[in-house]
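**Student:** Model the following, please.
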Amino acid sequence: MKNIILVFIALLTISSAIFMGKTVAERKPAPTPIFVNSTPQQLVNLATRQPTKSLSRQNITFIMGEDKDPDNPYYTQAENYYRTAPEARTEWVVTHLRSLKEVRDYLTEHAQGKWGIINLVVHSNEWTGMSVKVLPEGARATAQSIYAAIDQGHFPPLPADIADERTELQLHACALGKNEDLLDAISTAFGGEAKGSPTVRSTKKFIQYITTANGTERHLNEYWYTAFKTGYRPHNIRLTKELEEKYPYARVYFYEALKRTQPRFAGDSYHYFFNVPVNWLVTFPTKADRPKLDTDEAKEAFLQNQIELLEQVAELGIAPEKFRWQYKYIDHTFEDGTTEPAILIKGKTSILCILKSITAPQPESTIPQEVI
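**Tutor:** Residues are numbered from 1 along each chain as shown. This next block holds a predicted model:
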């Protein structure tokens, strides 16, 4: 019997990808990334909004996706923010790249001296990481896939004449600061492991961009969450009880936030939920070796025997009973063309987040710093 780890993780968008295994390639660790909820004032060309040659460092923003949910115009609002907000706008705003490799090559090919701030705007959360690929036609960006691309020679460190220790790679991705392995990998991909590499920064909070009469604003959101079987959402009263028991000192009215999917004003609470699907494949030498899962008891016993799967789920911080599990008999074809009978276990949980802005709008340079 073979276990083939195929954990598909959905982000806040519709995209999904494969998470292979649970260990990061052993290597000398890069300097510990830090995340800072602040952005220094940036130089801009107010007249043309086009890249111009300058002796000063130039700043650049990469918008790494398109909006698919009209109720969550994250990328559209972020583009407005980095084009127009006085405290954040950059000389360059690039919207057509969808992989870390393309970003790295663009920085090299279009540099006019050393870069200052490099913004990467992408969907993310603490359970699933970033919704962006490593290579244009490659796997989704995880610590493992990034290190694999580095080992294959796709990410030589950025040259010292275009990026140094004063260069900041700021990852504007919700709760990415909680994934230290991924930040380490990104730091290595763009700066190598030598001193004088760019600093990688992110946040442990959720990020929200809102356009108001005063322009587009960026807010950091505190969040509280619970999970339930997809398709079996409990009543708001039950969800409120779960959240209150989990977060007894939270300064938010959970029941009221569950009535709203959008904030009414800066600092208002609201909720958002998304699905996290997990697929696990087990192959067998023959169909006779494949167990029959014709009762709930047999299915539960088979699931409990998948120790590695349960370990993967535990790393997500979600109890197995919060998933809806389904089982399917299939024939799996390996890369060498051989085929074996298999059982595909499909699990899906829904994460419900209560979000609330930490502060009223203000220049990012005044927001207190946080360090991993």
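
**Student:** Please tell me how far Trp92 sits from Ile60.
**Tutor:** Here Trp92 is placed at a distance of 4 Å from Ile60 (CB to CB, to the nearest Å). Placement of C-beta: from N, CA and C, glycine included.

**Student:** before we move on, what about Asp67?
**Tutor:** For Asp67, the distance to Ile60 - CB to CB - is 21 Å.

**Student:** So which of these two has more stuff around it?
**Tutor:** Ile60 (23 against 16; other CB atoms under 10 Å).

**Student:** Mind listing the residues bridging to that one?
**Tutor:** Taking DSSP bridges as the rule, Ile60 bridges to Trp92, Ile118.

**Student:** Could I get the pLDDT score of it?
**Tutor:** We have a pLDDT of 97 for Ile60.

**Student:** Where does pLDDT dip in the protein?
**Tutor:** For the chain, residues meeting the criterion pLDDT under 70 lie at 1-55, 194, 359-372.

**Student:** Run through the helices of it in chain order.
**Tutor:** 74-84, 100-109, 143-151, 180-191, 236-246, 254-257, 296-304, 307-315 (DSSP state H).

**Student:** And for Asn260, the neighbour number?
**Tutor:** For residue 260 the amino acid is Arg, not Asn. Neighbour tally, Arg260, other CB under 10 Å: 15.

**Student:** With adjacent residues omitted, what lies nearest to it?
**Tutor:** Using CB to CB, 6 or more residues apart in numbering and skipping the chain neighbours, the partner closest in space to Arg260 is Tyr270 (4.1 Å).

**Student:** and the gap between the one you found and Tyr253?
**Tutor:** Tyr270 is 11 Å from Tyr253, by CB to CB.

**Student:** who's more crowded, those two?
**Tutor:** More crowded of Tyr270 and Tyr253, by other CB under 10 Å: Tyr270, with 20 against 14.

**Student:** residues in contact with the spatially closest residue to Ser124 that is not a sequence neighbour?
**Tutor:** Nearest non-adjacent residue to Ser124, counting by CB to CB, 6+ apart: Ala173, 3.4 Å away. With contact taken as CB atoms under 8 Å, 6 or more residues apart in numbering, Ala173 is in contact with Leu120, Val121, Val122, His123, Ser124, Met130, Ser202, Thr203, Ile207.

**Student:** likewise Pro291?
**Tutor:** Ala298, Phe302, Ile343.

**Student:** among these, which ones are buried?
**Tutor:** Those of the contacts of Pro291 that meet the buried threshold are Phe302, Ile343, by 16 or more other CB atoms under 10 Å.

**Student:** out of the contacts of Pro291, which one sits closest to Pro73?
**Tutor:** Ile343 (40.7 Å; CB to CB).

**Student:** give me the number of residues near the residue lying closest to the closest one once chain neighbours are set aside?
**Tutor:** Closest residue to Ile343 apart from its sequence neighbours, by CB to CB, 6+ apart: Val282 at 5.1 Å. If you count neighbours by other CB under 10 Å, Val282 ends up with 22.

**Student:** No further questions, thank you.
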